[in-house]
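In: With the sequence up front, the predicted model follows.
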Amino acid sequence: LVEYEQVAANMYHDKGDYEAAGVHYVKAISIQRSLDSGHANLVRAMKDYGTLFIDSGDYAQAAVELRAAVDVARANLPANHVLLGTSLGILANAHYQQGESDLARPLFEESVAILRSLLRVSTMGLAQTLSGYGILLRGAGELDASIAMQEEVVELYRKVLGNDHPYVASALTNLSSAHNRGGRLDEAIRAARESVAIHELVFEGPHPNKATAYYQLAAALSVSGRFAEAEAGFRNVLEVDIANLGADHPFVFADLEQIAVALKNQEKYLDAEDFQRRALDGRVRVLGPEHPDTAAAWLNLSGILSRLDRDSEAVAAAENAVAIMDGGDETSLRLIAARTQLASVLYTVDRFQESEQIYAEILQVQRRTLPEDHPNLATTLHGVGVARLAMKQPAVDVLEEAYAIRVNKLGVEHPYAIITLDALEKARAATE
């Protein structure tokens, strides 16, 4: 009977019928407890039940169920049992998905150690755990370690599944993302192209798995400055997402925005405005006018309008973004970005005092929250300086600080350093 319940649960789970799967998992766990509360089959059923919550996006409940599975495994199974290793890896992922990297890291490490000792038994389990751990390390900025793990995942999957399996493609996508974050752009593009090729070979039509592969390739191309190719990639993502999610899904609005950015980077500002307004209209209609993503859409529109020299419209769009986000956490990166954009466009319409005041307020927040040589601090210092310079106020001190940071971080030949040096020389001349 327990085998029937487990098989039925797995069948419904694979079909995506999580409610029915949950009923059968609970029955399997209950029956197995009555037979032998320390048997490996109980751990397996508990692990699979926890995985069900991972797949349905309920990571908090997944952590509860998987912790219970781990506790039973520790109490009853050998210390290097494969079910303990795999349960630890999935539990680590549940914590990571909730932003609990400090809890996830030691669980990943223990899982990897167990599964490495059982490599012949659980190659797939090791690959899955390494993949999750590599993603955590990528987010923590430990890029060399992340890349090494994702490369190992690719090779493990190739060994077991062959070169053209979807798991290989997904691993290549994760590898590309790690290379991209580490500035290894040629490697990022190469891995992403291979992932796309596998997806197109294996899946017909606008299969949902293609969206992630197309997106990663487009993102790597964009960072490399190959904006026309990036645009084509983001259009592929848009096509797949519309086919699978419908035109009013938030992912579709994000796709429209990515295309707008690619067009803006090609100086196709009117086309960029069209796509950005489509994204904005969708977010207002579906998410509401006060949603943070709506604020982000207004902010991006402001940047495009400023490139079109429609400065009053750019100011209004940035003010809309700030109005939505005001009253929240003053250290929020989104709020700071919105206020920075507003200060910038106010400067372009000669509203220097308002621009300087906003930049100065942002600077106070950043001095409390950022390292003293952070590039974003230099951006704000430069904004304060040029606004003061325009008002014929002393600006040498803030521009010297901005220039020092930019030279240290970017080099003397970088355009941002050159722009700040030009402003600094004007400020020095004004004091003579």
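Out: Structure received.

In: in the stretch 301-432 of the chain, which ranges drop under the pLDDT threshold?
Out: Applying pLDDT under 70 to the stretch 301-432 of the chain flags the ranges 327-328.

In: Flag every buried residue along the helix or strand where R33 lies.
Out: R33 is part of helix 18-35, with elements assigned from DSSP states H and E. Under the neighbour-count criterion of 16 or more other CB atoms under 10 Å, helix 18-35 has Y18, A21, G22, H24, Y25, K27, A28, I29, I31, Q32, R33 buried. (Glycine included, C-beta is placed from N, CA and C.)

In: For the last one, give me its contacts.
Out: If a contact means CB atoms under 8 Å, 6 or more residues apart in numbering, then R33 has L42 as its contacts.

In: sorry, back to before: and the furthest pair within the buried residues of helix 18-35?
Out: Y18 and R33 (21.9 Å; CB to CB).

In: got the CA positions of the helix or strand encompassing R339 in CSV?
Out: Assigned by DSSP H and E, R339 belongs to helix 333-348. Extracted in CSV, the C-alpha atoms of helix 333-348 (Å, rounded to 0.1, in the frame of the first residue of the first chain):
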residue,chain,number,x,y,z
LEU,A,333,18.2,50.9,-4.2
ARG,A,334,15.1,51.4,-6.3
LEU,A,335,14.2,54.6,-4.4
ILE,A,336,17.8,55.9,-4.7
ALA,A,337,17.8,55.1,-8.4
ALA,A,338,14.5,57.0,-8.9
ARG,A,339,15.7,60.0,-6.9
THR,A,340,19.0,60.0,-8.8
GLN,A,341,17.2,60.0,-12.1
LEU,A,342,14.9,62.8,-10.9
ALA,A,343,17.9,64.9,-9.8
SER,A,344,19.6,64.3,-13.1
VAL,A,345,16.6,65.5,-15.2
LEU,A,346,16.0,68.5,-12.9
TYR,A,347,19.5,69.5,-13.7
THR,A,348,18.9,69.3,-17.4
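
In: Which neighbouring elements make contact with it?
Out: helix 292-307, helix 311-325, helix 352-369, helix 375-390 (3 or more CB pairs under 8 Å, 6 or more residues apart in numbering; DSSP states H and E).

In: ok, and for it, which residues are buried?
Out: 334-347.

In: Just put those residues in JSON lines and tack on distance to D309.
Out: Below are these laid out as JSON lines (distance: CB to CB, whole Å):
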{"residue": "R334", "distance to D309": "26"}
{"residue": "L335", "distance to D309": "26"}
{"residue": "I336", "distance to D309": "25"}
{"residue": "A337", "distance to D309": "22"}
{"residue": "A338", "distance to D309": "21"}
{"residue": "R339", "distance to D309": "22"}
{"residue": "T340", "distance to D309": "19"}
{"residue": "Q341", "distance to D309": "16"}
{"residue": "L342", "distance to D309": "17"}
{"residue": "A343", "distance to D309": "18"}
{"residue": "S344", "distance to D309": "14"}
{"residue": "V345", "distance to D309": "11"}
{"residue": "L346", "distance to D309": "15"}
{"residue": "Y347", "distance to D309": "14"}
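
In: residue contacts, R406?
Out: P375, A378, H382, H414, Y416, A417, T420.

In: ok, and what's touching the helix holding R339?
Out: Contacts for helix 333-348 (CB under 8 Å, 6+ apart): 292, 295-296, 298-299, 302-303, 306, 311, 314-315, 318-319, 321-322, 325-326, 328-329, 352, 354-356, 358-359, 361-362, 365-366, 376, 379-380, 383, 386-387, 390.

In: run the last query once more with 7 Å
Out: Contact with helix 333-348 is made by 292, 295-296, 299, 302-303, 306, 311, 314-315, 318-319, 321-322, 325, 328, 354-355, 358-359, 362, 365, 383, 386-387, as judged by CB atoms under 7 Å, 6 or more residues apart in numbering.

In: Give me the nearest residue to R184, chain neighbours excluded.
Out: I147 (7.7 Å; CB to CB, 6 or more residues apart in numbering).

In: Please apply the same query to V384.
Out: V384 sits nearest to Y359 (CB to CB, 6+ apart), 4.4 Å away.

In: Thanks a lot, catch you later.
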